[in-house]
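Novice: mind looking at a prediction? Sequence and model below.
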Amino acid sequence: MKIYSLLNSKFTCQFCGKQHFVPIKKVVTEKGALSSLSEFVSSLVKGKQLLVLSDDITYEVAGKECAEILNEKYEVTSLVLTPKESKTVQAEEKYLPGIFEQLKGKNAILTVGTGSITDMGKYVAGKLNVPAICFPTAPSMNAYTSEIAALLVKGLKVTLPAKPAIGVLTDLNIISQAPLELIKAGFADSLAKAFANADWKLSSLLTGEDYCPLPLEITTEAESKYIDKGDELLRRNETVISYLMDGLNAGGISMIIAGETSPASGGEHLISHFLDMFAHHENRELFSWHGLQVGLGIMVSARIYERMKNLSARQVEQRLSHRQVDYGKEMASFGKDVFFNEQEFGKKVPFLKELPKKLPLLWDQIKEEVFSLVYSPEQMQEYLGKAKCPLCFEEIGVDKNLTYRTIMNARYIRGRMTILDIADELGILKEIAETAK
């Protein structure tokens with residue numbers, strides 16, 4: 001299935017039988033695409049009042065030129081965000097009032113940048129019911145085509161609904177020259193899909209939530225063209241980078257199809273979110289790019305799945321029978337140290353209480369239908385290592401103590417059931433956390 005054939009269409013899914021709708025109208029990735037920006041915008045937007053949103057870095061990369069090109073046909077307001085209390089602009093609530101103020105009365109917003117600019121621009125645009133168009137400056141994450149925005153609100157990393165962009169125009173010349181760390185981050189982030197979908201399928205079996213195989217189908221098709229070509233990304237091979245961009249776009253589209261983030265974000269993403277919240281709480285710079293931290297989360301998830309695959313249903317039953325947990329008392333005991341979200345974690349407590357009865361009965365089915373979706377630790381080490389992505393937490397400046405806390409506590413920041421929850425309930429998560437580097 002060609003992912004872009006799904007754009008701007010409603011269709012009945014061949015897998016789940018439900019009707020899906022992808023509202024994105026146009027996605028173009030090609031060399032020299034910047035020169036066609038004005039035509040691209042005019043094919044999607046009525047009216048002449050535009051806001052071009054960038055930060056102090058992406059303005060120099062492409063924001064300035066985008067504004068100049070659009071100025072020939074449109075009345076353009078250029079908003080360039082500058083860092084507040086950090087070295088770079090992050091997706092935080094403190095920047096939103098200024099974007100709201102500038103976007104009022106405009107016919108569309110063009111975001112020029114990567115994750116932070118894209119997420120904040122889409123979020124505000126959705127609130128004001130203004131169409132958004134994305135002009136990526138790096139293949140660093142899948143927000144360009146997603147319908148969510150990851151923002152730091154009151155110290156917590158939250159995922160908020162946002163209208164998808166109506167169009168994404170990517171100039172291969174520009175993203176191929178992005179900092180290698182951003183290209184590597186996009187690569188690592190894209191490889192989370194197998195683990196995220198496994199977590200989603202696992203949660204579906206245990207909680208009854210809907211699951212659709214289509215998101216994994218479209219992301220795997222895209223991923224197959226670049227998963228073993230990390231070394232070519234380091235050489236800035238434009239063909240492989242275009243494949244990566246397709247994979248990232250597929251990841252965002254997969255979330256639209258699912259109506260949630262589950263196909264692209266599982267336990268491995270919670271690892272990255274926890275590290276971001278810790279850095280914010282400590283008033284320090286982020287440890288690394290989101291995608292590179294996700295890569296480390298992938299290694300954690302891979303090790304968990306590998307450790308659990310040899311357990312029998314009887315062993316699972318025995319392990320759960322030995323675990324006595326008062327979740328109310330456990331929730332009351334948590335403090336800011338784990339960035340505990342009581343409301344979120346409370347969503348899965350009823351299902352966690354049912355695990356001793358439910359998990360042993362479903363274990364053989366889980367091993368067959370869930371464990372088969374993921375890669376082994378050796379495979380992930382090979383793929384990520386080929387792109388020179390970090391494989392150990394210490395490589396990004398996270399010491400052993402924080403590594404342990406991150407792995408043990410990341411499960412408490414979201415209401416979604418992931419492999420981190422199952423591993424902790426089975427007494428395996430501590431083994432993984434204690435041996436992680």
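Specialist: Looks like it came in fine.

Novice: how about the secondary structure of residue 264?
Specialist: Classification of residue 264 by DSSP: H, G, I helix; E, B strand; the rest coil places it in coil.

Novice: residue contacts, the closest residue to it other than its chain neighbours?
Specialist: Sequence neighbours aside, residue 251 is the residue nearest to residue 264 in space, at 4.6 Å (criterion: C-beta to C-beta, 6 or more residues apart in numbering). C-beta here means a position set from N, CA and C on the backbone, and glycine is covered the same way. Residue 251 sits next to 142, 145-146, 189-190, 193, 219, 263-264 when contact means C-beta atoms under 8 Å, 6 or more residues apart in numbering.

Novice: of those residues, which is the nearest to residue 83?
Specialist: Nearest to residue 83 among the contacts of residue 251 is residue 189, at 22.7 Å by C-beta to C-beta.

Novice: before we move on, the earlier item: part of a helix, is the residue nearest to residue 264?
Specialist: Yes: applying three-state DSSP, one finds residue 251 inside a helix.

Novice: quick one: the helices in the stretch 251-400 of the chain?
Specialist: Using DSSP state H, counting those that start in this stretch, the helices of the stretch 251-400 of the chain run over residues 267-281, 290-308, 313-321, 327-333, 342-346, 349-369, 377-386, 400-409.

Novice: any idea which of those is most buried?
Specialist: helix 290-308 (a mean of 26; mean count of other C-beta atoms under 10 Å).

Novice: please save the CA atoms from that one in CSV.
Specialist: Extracted in CSV, the C-alpha atoms of helix 290-308 (Å, rounded to 0.1, in the frame of the first residue of the first chain):
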residue,chain,number,x,y,z
HIS,A,290,14.0,13.2,21.5
GLY,A,291,14.6,10.5,18.8
LEU,A,292,18.0,9.6,20.2
GLN,A,293,16.5,9.1,23.6
VAL,A,294,13.7,7.1,22.1
GLY,A,295,16.5,4.9,20.6
LEU,A,296,17.7,4.1,24.1
GLY,A,297,14.1,3.4,25.1
ILE,A,298,13.9,0.9,22.2
MET,A,299,16.9,-0.9,23.5
VAL,A,300,15.2,-1.1,26.9
SER,A,301,12.0,-2.5,25.4
ALA,A,302,13.9,-4.9,23.2
ARG,A,303,15.7,-6.3,26.2
ILE,A,304,12.4,-6.7,28.1
TYR,A,305,10.7,-8.5,25.3
GLU,A,306,13.8,-10.8,24.9
ARG,A,307,13.8,-11.5,28.6
MET,A,308,10.1,-12.3,28.7
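
Novice: show me what it is packed against.
Specialist: helix 180-190, helix 193-207, helix 267-281, helix 377-386, helix 419-425, helix 429-435 (3 or more C-beta pairs under 8 Å, 6 or more residues apart in numbering; DSSP states H and E).

Novice: now the end-to-end length of stretch 281-293.
Specialist: 17 Å (C-alpha to C-alpha, to the nearest Å).

Novice: residues making contact with that stretch?
Specialist: Contacts of stretch 281-293 (C-beta under 8 Å, 6+ apart): 85-87, 90, 115, 140-141, 155, 181-182, 184-190, 271-272, 275-276, 279, 336, 339, 389-390, 396-398.

Novice: picking that back up, nearest to residue 56, out of the helices and strands packed on helix 290-308?
Specialist: Proximity to residue 56 (C-beta to C-beta) singles out helix 180-190 among these, at 15.9 Å.

Novice: report the distance from stretch 183-196 to the chain centre.
Specialist: Put simply, stretch 183-196 sits 8 Å off its chain's centre (C-alpha atoms, centre = their mean, to the nearest Å).

Novice: got the end-to-end distance for that stretch?
Specialist: Using C-alpha to C-alpha, one end of stretch 183-196 lies 20 Å from the other.

Novice: ok, now stretch 300-318?
Specialist: 24 Å.

Novice: that stretch - what's its average pLDDT?
Specialist: Averaging pLDDT along stretch 300-318 gives 97.

Novice: and for residue 100, the neighbour number?
Specialist: 13 (other C-beta atoms under 10 Å).

Novice: what does the model give it for pLDDT?
Specialist: Looking at residue 100, its pLDDT is 98.

Novice: what strand or helix carries it?
Specialist: helix 96-103 (DSSP states H and E).

Novice: quick check: what element follows that helix along the chain?
Specialist: That would be, after helix 96-103 and using DSSP H and E, strand 108-113.

Novice: could I get that next one in PDB with only the CA atoms?
Specialist: Extracted in PDB, the C-alpha atoms of strand 108-113 (Å, rounded to 0.1, in the frame of the first residue of the first chain):
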ATOM      1  CA  ALA A 108      -2.900  30.000   7.500                       C
ATOM      2  CA  ILE A 109       0.300  29.300   9.400                       C
ATOM      3  CA  LEU A 110       3.500  27.900   7.800                       C
ATOM      4  CA  THR A 111       5.700  26.200  10.400                       C
ATOM      5  CA  VAL A 112       9.400  26.200   9.400                       C
ATOM      6  CA  GLY A 113      11.400  23.900  11.700                       C
END
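
Novice: can you check what angle separates the very next helix or strand once past it from helix 96-103?
Specialist: Later in the chain than strand 108-113, the nearest helix or strand by DSSP H and E is helix 115-128. Here helix 115-128 points in a direction 60 degrees away from that of helix 96-103 (axes from the mean of the first three to the mean of the last three C-alpha atoms, to 10 degrees).

Novice: surely residue 415 and residue 348 touch.
Specialist: Yes: between residue 415 and residue 348 there is a contact at 5.5 Å, judged by C-beta atoms under 8 Å.

Novice: quick one: which of the two has more around it?
Specialist: Using other C-beta under 10 Å, the more surrounded residue of residue 415 and residue 348 is residue 348, with 20 against 13.

Novice: now that one: how far from residue 390?
Specialist: 29 Å (C-beta to C-beta, to the nearest Å).

Novice: next: residue 238.
Specialist: Residue 238 is 25 Å from residue 390, by C-beta to C-beta.

Novice: residue 34 too?
Specialist: To residue 390, residue 34 is 32 Å away according to C-beta to C-beta.

Novice: neighbour-wise, which of those two wins?
Specialist: Per other C-beta under 10 Å, whichever of residue 34 and residue 390 has more neighbours is residue 390, with 22 against 18.

Novice: separation between the more buried one and residue 291?
Specialist: Taken as C-beta to C-beta, the span from residue 390 to residue 291 is 11 Å.
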